[in-house]
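Enquirer: Got a sequence here, can you model it:
(one chain, ligands or ions: 1)
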Amino acid sequence: MISKLHLITYGCQMNEYDSERVAGLLKAQQYELTDRADDADLILLNTCAIRERAEDKVYSQLGALKHLKRSRPHVIIGVMGCMAQLQQGKIQERAPYVDLVFGSPAIARVGELVARVKAGRRPLLETGEAPLVKITAKPESADPLRAFVTVMEGCEKHCTFCVVPTTRGRERSHAPEVICDEIRALAASGCREVTLLGQTVNAYGRDLTPATDLAELLERVNAIDGIERIRFTTSNPYNLTTRLIRAIRDVPKVVEYLHLPVQSGSDRVLERMNRGYTQARYLELIAELKETVPEIALGTDIIVGFPGETDEDFARTVAVVEQVRYDNVFAFRYSRRPGTPAAGMPDQVPDQVKAARNTEILAAAGRVAAERSARLRGRVMDVLVDGPSRRNPADASGRTRCNRVVNFDAGGASLRGAVLPVRITEALPHSLRGELAGVGQRGVS
Ligand code: SAM
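Expert: Residues are numbered from 1 along each chain as shown. Predicted coordinates:
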């Protein structure tokens, strides 16, 4: 008999990837996805623990599910992912109606865990270590055109603000053959763009025997027919090598975009964060990137209000945003995470100061991004078309290699999956507008 699974995913792209695997694995156990919680036999929350607010959202969702469980007691409620790994038994203490808690290492066994809960109707907690397994199952609803592919798990950087080493364990890379098999299968089912995922993706391969690296993996993925574009995220400045920078230039399908979290522009703060680089070193890497790949677009993550951050420290971060000229800035207010060294540091910054700095950094980032967009007017860029635009079905919508959304008049044709040259006519705050350019006028995008 078919049962219904409702999956709620919080957090990063890796969680989105994990959720797809879970839905794929449970398909084999006769579970099909539903987007309605009140229709489901099994509800799974795939959680994030990176900031306190992410955890608050999960608890408030669990609060809402309590009523549902009261009226439909047969429904199984599970919490998986980073918060499960971090909080373990505390989740069922606070929400005793949660039947199942399991961390990322147990994902491969989700079918068995659900069956055990069903058979015993006893709460289950599974947060131990487990061997690294590559799961490739996915649900029918997954986007066939673009896919995430996890290439490594865990992180060993031990930034003092971050829970990831606790929630996802040490760095473990999947073998290149296993990754390439997965991507070949994706390409065969229509995928044109892959994003290789890892918490420190540019540390890929050093734990393998024989050791390899991300540059080599990019070469191998480049050779897979059908794939048009390769992205990878997230890179850590500490592990960024000249070899990888050259691979961005030389491997044709690798896009000219790099997300390189700086976190802060102040050496004092960077040291207390244990980031392993200085502002000068970071800017040196940016200079090398721009020199090697002049068209590169850059993104970053910034934490405002890290313990001890002064106005002067913060001004240095704003200066970095203005100097680097990012296309994309993600700013986060520092959030105290249990068990991390920074949570116990003196001079925690008041919430209102964090909020003001967040507003200021986003304003600076917005000014820079608007200038970066304006310079694209008149250029012809390759656009991978997703299909008709949601706002206006006569338009097609797609993305440039640098991940900018472009809408253009397609006369109602779907064009899904095509890569077409589009001349940019207008730079809007969140997207670009363009018109189809003649074939043969294609330029760097
Ligand atoms: N592993 C990547 C790195 O260190 O460069 C980033 C992964 S993390 C999931 C995404 C971003 O969340 C980080 O780059 C950081 O800016 C932010 N973040 C992590 N811990 C945080 C905390 N305790 N408070 C606020 N933001 C945090």
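Enquirer: near the ligand, which residues of this protein?
Expert: Within the chain, the positions near the ligand by CB under 6 Å from any ligand atom are 12, 50-51, 155, 157, 159, 161-162, 199-200, 234, 236, 261, 263, 301, 303, 332, 334-335, 337. Just so you know, the C-beta spots here come from the backbone N, C-alpha and C atoms, and that holds for glycine as well.
Enquirer: Just to be sure, which of those residues are found in helices?
Expert: Among the residues of the chain next to the ligand, none falls in helices (DSSP state H).
Enquirer: Mark which of these are buried, thanks.
Expert: Neighbour counting over these (16 or more other CB atoms under 10 Å) leaves 12, 50-51, 155, 157, 159, 161-162, 199-200, 234, 236, 261, 263, 303, 332, 334-335, 337 as the buried ones.
Enquirer: Who are the contact partners of the spatially closest residue to Arg404 that is not a sequence neighbour?
Expert: Distances taken as CB to CB, 6 or more residues apart in numbering place Leu432 nearest to Arg404, at 5.5 Å, with adjacent residues excluded. Counting by CB atoms under 8 Å, 6 or more residues apart in numbering, Leu432 touches 373, 376, 400, 404-407, 424, 426.
Enquirer: Show only the entries of those found in helices.
Expert: Ser373.
Enquirer: Would you write a PyMOL line that selects the buried entries of the contacts of Leu432?
Expert: Per 16+ other CB under 10 Å, the buried members of the contacts of Leu432 correspond to this PyMOL selection:
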select buried, resi 373+376+400+404+405+406+407+424
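Enquirer: of all the contacts of Leu432, which comes closest to His6?
Expert: Nearest to His6 among the contacts of Leu432, counting by CB to CB, is Val405 at 29.0 Å.
Enquirer: Out of the contacts of Leu432, flag the one nearest to Cys82.
Expert: Of all those, Cys82 sits closest to Val405, with 28.7 Å by CB to CB.
Enquirer: which residue packs closest to that closest one, ignoring adjacent ones?
Expert: Distance criterion CB to CB, 6+ apart; nearest residue to Val405, sequence neighbours excluded, is Ser431 at 4.2 Å.
Enquirer: Repeat that for Ala115.
Expert: Spatial nearest neighbour of Ala115, chain neighbours left out: Gln29 (7.2 Å); criterion: CB to CB, 6+ apart.
Enquirer: for the one you found, phi and psi?
Expert: With angles defined as degrees, to the nearest 10, Gln29 sits at phi -100, psi 20.
Enquirer: so where's this structure shaky on pLDDT?
Expert: Regions of the chain meeting the criterion pLDDT under 70 cover residues 439-445.
Enquirer: same thing but 80
Expert: 121, 141, 438-445 (pLDDT under 80).
Enquirer: Sketch out the helices for it, chain order is fine.
Expert: Remark: helices assigned in the chain by DSSP H are 13-27, 52-71, 82-87, 89-94, 110-120, 164-168, 176-188, 214-222, 242-250, 267-273, 279-292, 311-324, 351-374.
Enquirer: which secondary structure elements does the second one contact?
Expert: Taking 3 or more CB pairs under 8 Å, 6 or more residues apart in numbering; DSSP states H and E as contact, the helices and strands that helix 52-71 lies on are strand 42-47, strand 76-81, helix 82-87.
Enquirer: okay, these in CSV with mean neighbour count next?
Expert: Shown next, in CSV, are the helices and strands packed on helix 52-71 (neighbours: other CB atoms under 10 Å):
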stretch, mean neighbour count
strand 42-47, 26
strand 76-81, 25
helix 82-87, 25
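Enquirer: So Gly299 is in contact with Arg325, correct?
Expert: No. Assessed by CB atoms under 8 Å, Gly299 is found out of contact with Arg325, at 11.5 Å.
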